[in-house]
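A.B. asks: Please find the sequence and the predicted model below.
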Amino acid sequence: MGAWYKLYFFPDEFYGLLNAVEFVKALDPKISTSRCARMLVEDAESGLILPGGEVELGVLVRQNLIDRLGKKEQLEVELCMVDTSARVSLTVGVSFATALKYGHIMLGWQCSIFRQCSVVFQDRFWNAMRGFADTCRSGYAICGIELPDDFHMRVSVDDKGLVIDTSYGWQYGHRIEKAWIRKGLQPPDGLEWCKLEEDNGGNFDTYKAIV
């Protein structure tokens, strides 16, 4: 299936739980949402998040999804974004795992299909993702290629901010494309970072991990 981008939104201690409801409300009406969702189940032994049973979202897909997320249900859905100029449809899986032990929102999409999209679409996509990070009250947004399934378990928050556990001996840096860090917060401990740009007028600074 090829390599996948994974984009994780993590809260900081000030914001607490991420706001999944506001994420959905902020979706452009042109973005279609799957009529079925999957329940997310945390495996007690491994800590991994596994797909459970299907949930029908009915005709009022967005509203039903909002209602379920408002009840703290942990769900996975698919979004479809269309680049009309390049005639490419990009499917983005979204996991709302905000109330689990390692609470987060994760988005995943295929690198090869994304690269077929126009530069204009890609720029708008990244801007939208950063907007979603702000809307759902994320303190940290970390994007990489083929990040491991247990990446959320290697992240924690201490009194200084986010910490990435590198004791496993796996080098994360070469797989992390970028990180958006809310202004006023420090980039995650565990890796060296280089600030790329400031999000002038926005709430995030952009960093890249140094390998």
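C.D. replies: Perfect, thanks for sending it. In this text the structure is predicted, and so the values were computed from the model without any measurement.
A.B. asks: for this structure, longest helix please?
C.D. replies: For the chain, the helix with the greatest residue count under DSSP state H is helix 119-135.
A.B. asks: if you go through this protein in chain order, where are the helices?
C.D. replies: 20-25, 61-70, 111-116, 119-135.
A.B. asks: now what about the second one, what contacts it?
C.D. replies: Outside of helix 61-70, the residues within contact range by C-beta atoms under 8 Å, 6 or more residues apart in numbering are 20-21, 24-25, 27, 33-35, 37, 55, 57-58, 75, 77, 96. In this view, the C-beta of every residue, glycine as well, is placed from N, C-alpha and C.
A.B. asks: Nearest to L7 among the residues you listed?
C.D. replies: F96 (13.4 Å; C-beta to C-beta).
A.B. asks: re earlier: just among the contacts of helix 61-70, which is most surrounded?
C.D. replies: F96 (28 neighbours; other C-beta atoms under 10 Å).
A.B. asks: Which residue, other than its chain neighbours, is closest to it?
C.D. replies: Nearest residue to F96 in three dimensions, chain neighbours excluded: A20, at 4.3 Å (C-beta to C-beta, 6 or more residues apart in numbering).
A.B. asks: Check what pLDDT that neighbour gets.
C.D. replies: With respect to pLDDT, A20 scores 95.
A.B. asks: ok, back up a step: show me which residues of the longest helix of the chain are buried.
C.D. replies: F121, F125, W126, M129, R130, F132, A133, D134, T135 (16 or more other C-beta atoms under 10 Å).
A.B. asks: what pairs with the lowest-mean-pLDDT helix or strand in the chain, and is each one parallel or antiparallel?
C.D. replies: Every helix and strand of the chain was ranked by mean pLDDT, DSSP states H and E. The lowest is strand 155-158, at a mean of 80. Paired strands of strand 155-158, with direction, are strand 161-164 (antiparallel) (DSSP bridges).
A.B. asks: shaky segments in this structure?
C.D. replies: For the chain, the stretches with pLDDT under 70 are 1, 14-15, 167-174, 198-201.
A.B. asks: E42 versus W126, what's the distance?
C.D. replies: 30 Å (C-beta to C-beta, to the nearest Å).
A.B. asks: Other residues contacting the longest helix of the chain?
C.D. replies: Against helix 119-135 from outside (C-beta under 8 Å, 6+ apart): 7, 9, 19, 22-23, 25-26, 28, 81, 83, 85-86, 88, 90, 107, 114, 117, 141, 143, 180, 199, 202-204.
A.B. asks: let's go with 6 Å and repeat that
C.D. replies: F9, E22, F23, A26, D83, A141, W180, N203 (C-beta atoms under 6 Å, 6 or more residues apart in numbering).
A.B. asks: Can you give me the distance of the closest residue to the third one other than its chain neighbours to L196?
C.D. replies: Just to be clear, that refers to F23. Among residues not flanking F23 along the chain, C136 sits closest, at 4.3 Å (C-beta to C-beta, 6+ apart). Shown here: C136 relative to L196, a distance of 22 Å by C-beta to C-beta.
A.B. asks: more neighbours, those two?
C.D. replies: Neighbour count, other C-beta under 10 Å: between C136 and L196, C136 has more, with 24 against 11.
A.B. asks: mind listing what the more buried one touches?
C.D. replies: C136 neighbours (C-beta under 6 Å, 6+ apart): F9, L18, N19, E22, F23.
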